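Chemist: sequence first, predicted coordinates after that:
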Amino acid sequence: MDNSTSPWWKSSVIYQVSVGSFRDSNSDGFGDLRGLLESLDYINDGTPRSLGADAIWLNPVMKTPFVDFGYDVSDYYSIDPRFGTMADFDELLAECHRRGMKLIMDMVLNHTSQDHPWFAESRSSRDNPKRDWYIWRDGRAPGKPPNKWKAVVEGSAWVLDEPSMQWYYHAFLPEQPDINWRNTEARQAMLDAFKFWLDKGVDGYRLDLINYLYEDEQLRDNPHKLGVRMYEWQKHVYDRSLPESVAATKLLRRITDSYSERMMMGEVYTDTPEEAAKYAGDGENALHLSFYLDFAMTSWSAEKFRASVDHLEHLLPEKAWPCYYFSNHDLVRHITRFARGGDAVARAKVAAAMILTLRGTPILYYGEEIGMPNSRIKRSDMVDPVGLKWWPIPVGRDGSRTPMQWSASGNAGFSSARPWLPVDPSYVTVNVERQEHEPRSLLSWYRSLIHARRETPALLAGNYRPLDGMPGGVFAYTRELEESCAAVFLNFVSRPQSVKVPSRPGGGSWKVLLSTHGPGGDELEPGKLRLQPDQALICA
Ligand code: GLC
């Protein structure tokens, strides 16, 4: 098991920022790169007064018609004017580096926007030289798509283009045609875009839908299975996770490794962690960090979280490093998910203690540190095509993308203009300004955890060992690295619990580093301990 801290991405806390929703500097109601630049002190000013995240992952900022929140790129070489200019980007990158922080970009390699000039050319005629850059096929019969593959968002994955009477393939929205990774020129064009930002000095990528790059050449239909949505009625053996996609990840890894200290984390979109593990870094082979939906989707239960972590620890190849998140731009914010039947903020504190003390790289989603809830978005305010398509079934993603809540002033201090998505009404009480100087706030808890983590080698890189014999509702584990050790007790239920504190490796008593209930610093003898309801306790 590799526990070295040396590469930055193993010891970093990554903070995900949707630039459009973070801070608006030019009063157009939309967040921008300058807004983020002006807010860097909040993320990390080098002191324990700031959040202390080490790296920022930006949701896509390249030129885009913004049909899918920027995941529809129309030019891989420029910044979308909504977000600012290339000069703003360069300044942000330089400023992050000046502070010792890293900047990670989102890279969408599976598809482009339908507005990309490559697609316009490809679509223009059957014999255009770029025709084969996308996946075009004749239908099975008049009016029938080439096969039965479904788009993730639902419906056929094929669109008939009437002028040429051929169908093009899209794994996601019809506005996002898939690149044909089997075409050498198209693949090279993607690799060039990939190198462009690395040449500029970005520290890494979050690779979108990385297991979707390749599809079966013969377009074989997927076997059937039972499921709720149409997309789930098929076993996706021919339209995703082909060995060619794993091989492409290895190629990308070789490119990444030809630069110094860069990193690739990837979204392996699957419900089986076994599949995602295939992409997880095994030495020089694949992704440095592989996203797993499994952990994020776990419901509020000590036993379920322990099972998910143990399973992942067991599955990952020898040299791979775990990576955890609860929330992102696609999911319902976890404070809302976990709140059912309990105290939302108390649970958010326990969750934060878990993600920031497990073995692995934590990814935080902007606003979770102040407990921004998932917002209810009215039909008339929705912009997410997924939400609009499914309305009134609430699967849209706008609710987790609302503006950052900086203060109780107008538009939550996000913008002086009307924001592109409504601010959640909770901003009056849930905001940075209010929590910043409040020692018991969620924000102060995140800050303390991040700083304690940085100062405790065992929390950064130690082995993970779950503690058995805990009462139901308690998840507890130790972390150990040479002389450094830590023990973490997480009470998921709102009643007191008696737990057994193990003896401290190397002898002596434990010292409380952090507790949701009371100040740290106390000595803790091995033996029986009474945990308070919803308590998180970390000792070293
Ligand atoms: C990924 C992104 C999601 C996007 C989709 C299509 O799942 O996280 O936001 O809509 O890919 O690019």
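Modeler: All right, it came through fine.
Chemist: per-residue confidence at the closest residue to the ligand within the chain?
Modeler: Using CB to the nearest ligand atom, the closest approach of the chain to the ligand is made by residue 71 at 3.3 Å. No exception for glycine: its C-beta is placed from N, CA and C like everyone else's. pLDDT for residue 71: 98.
Chemist: that one: neighbouring residues, count only.
Modeler: Other residues near residue 71 come to 22 when the count uses other CB atoms under 10 Å.
Chemist: give me the element it is part of.
Modeler: Here residue 71, judged by DSSP states H and E, is contained in no helix and no strand.
Chemist: swap in residue 121?
Modeler: According to DSSP H and E, residue 121 maps onto helix 117-124.
Chemist: partners of the closest residue to residue 466 other than its chain neighbours in the sheet?
Modeler: Excluding the flanking residues, the one nearest residue 466 by CB to CB, 6 or more residues apart in numbering is residue 477, at 4.8 Å. Beta-bridge partners recorded for residue 477 (DSSP bridges): residue 466, residue 488.
Chemist: tell me, how many neighbours does residue 477 end up with?
Modeler: When counting by other CB under 10 Å, one arrives at 22 neighbours for residue 477.
Chemist: residue 463 is in contact with that one, correct?
Modeler: No - with contact defined as CB atoms under 8 Å, residue 477 does not count as touching residue 463 (9.7 Å).
Chemist: so where is the stretch 251-400 of the chain shaky, pLDDT-wise?
Modeler: For the stretch 251-400 of the chain, applying pLDDT under 70 flags the ranges 282-285.
Chemist: list the contacts of residue 97.
Modeler: For residue 97, the contacting residues are 103, 201, by CB atoms under 8 Å, 6 or more residues apart in numbering.
Chemist: Three-state assignment for it, please.
Modeler: When classified by DSSP: H, G, I helix; E, B strand; the rest coil, residue 97 comes out as helix.
Chemist: with residue 354 instead?
Modeler: Under the three-state scheme (three-state DSSP), residue 354 adopts helix.
Chemist: helix or strand for the closest residue to it other than its chain neighbours, which one?
Modeler: Spatially, and ignoring its direct neighbours in sequence, residue 354 is nearest to residue 490 (5.6 Å; CB to CB, 6+ apart). Using DSSP H and E, residue 490 sits within strand 484-491.
Chemist: in the helix or strand that that strand is followed by, what counts as buried?
Modeler: Once strand 484-491 ends, the next helix or strand along the chain (criterion: DSSP H and E) is strand 497-501. Of the residues in strand 497-501, those buried by neighbour count under the rule 16 or more other CB atoms under 10 Å are 497, 499, 501.
Chemist: kindly report the same for stretch 485-497.
Modeler: Within stretch 485-497, the residues scored as buried using 16+ other CB under 10 Å are 485-493, 497.
Chemist: surely residue 68 is in contact with residue 173?
Modeler: Yes - between residue 68 and residue 173 there is a contact under CB under 8 Å: 5.8 Å.
Chemist: any shared contact partners between those two?
Modeler: By CB under 8 Å, 6+ apart, the residues touching both residue 68 and residue 173 are residue 385.
Chemist: the strand holding residue 490 - contacts with which helices or strands?
Modeler: Judged by 3 or more CB pairs under 8 Å, 6 or more residues apart in numbering; DSSP states H and E, strand 484-491 is in contact with helix 344-355, helix 457-461, strand 474-481, strand 497-501, strand 527-531, strand 536-539.
Chemist: show the contacting residues for the residue of the chain most remote from its centre.
Modeler: Within the chain, the residue lying farthest from the chain centre (CA atoms, centre = their mean) is residue 142, at 41.6 Å. By CB under 8 Å, 6+ apart, residue 142 lies in contact with nothing.
Chemist: and if you look at residue 534?
Modeler: Contacts of residue 534 by CB under 8 Å, 6+ apart are 342-343, 346-347, 349-350, 491-494, 516.
Chemist: rerun that using 7 Å as the cut-off
Modeler: Residue 534 makes contact with 343, 346-347, 350, 491, 494, according to CB atoms under 7 Å, 6 or more residues apart in numbering.
Chemist: what sits up against the very next helix or strand once past the helix holding residue 121?
Modeler: Of the helices and strands lying after helix 117-124 in sequence (DSSP H and E), the nearest is strand 136-137. For strand 136-137, contacts defined as CB under 7 Å, 6+ apart pick out 146, 166-168, 219.
Chemist: show me which residues of this protein are close to the ligand?
Modeler: 68-69, 71, 108, 172, 208-209, 267, 269, 329-330 (CB under 6 Å from any ligand atom).
Chemist: is the residue positioned nearest the centre of the chain part of a helix or strand, or is it coil?
Modeler: With distances taken as CA atoms, centre = their mean, residue 328 lies nearest the centre of the chain, 5.1 Å away. Three-state assignment for residue 328 (three-state DSSP): coil.
Chemist: make sure it is actually in contact with residue 367.
Modeler: No - counting by CB atoms under 7 Å, residue 328 sits too far from residue 367 to count as a contact (11.3 Å).
Chemist: what pairs with the helix or strand encompassing residue 324, parallel or antiparallel?
Modeler: Using DSSP H and E, residue 324 maps to strand 323-325. Strand 323-325 has its sheet partners listed here by DSSP bridges as strand 361-365 (parallel).
Chemist: pull the distance from the strand it pairs with to the chain's centre.
Modeler: The chain centroid and the centroid of strand 361-365 are separated by 7 Å under CA atoms, centre = their mean, to the nearest Å.
Chemist: quick one: that strand to helix 344-355, angle?
Modeler: Here the directions of strand 361-365 and helix 344-355 differ by 150 degrees (axes from the mean of the first three to the mean of the last three CA atoms, to 10 degrees).
Chemist: could I get the buried residue list for the following helix or strand past strand 361-365?
Modeler: Later in the chain than strand 361-365, the nearest helix or strand by DSSP H and E is helix 385-390. Within helix 385-390, the residues that count as buried by 16+ other CB under 10 Å are 385-387.
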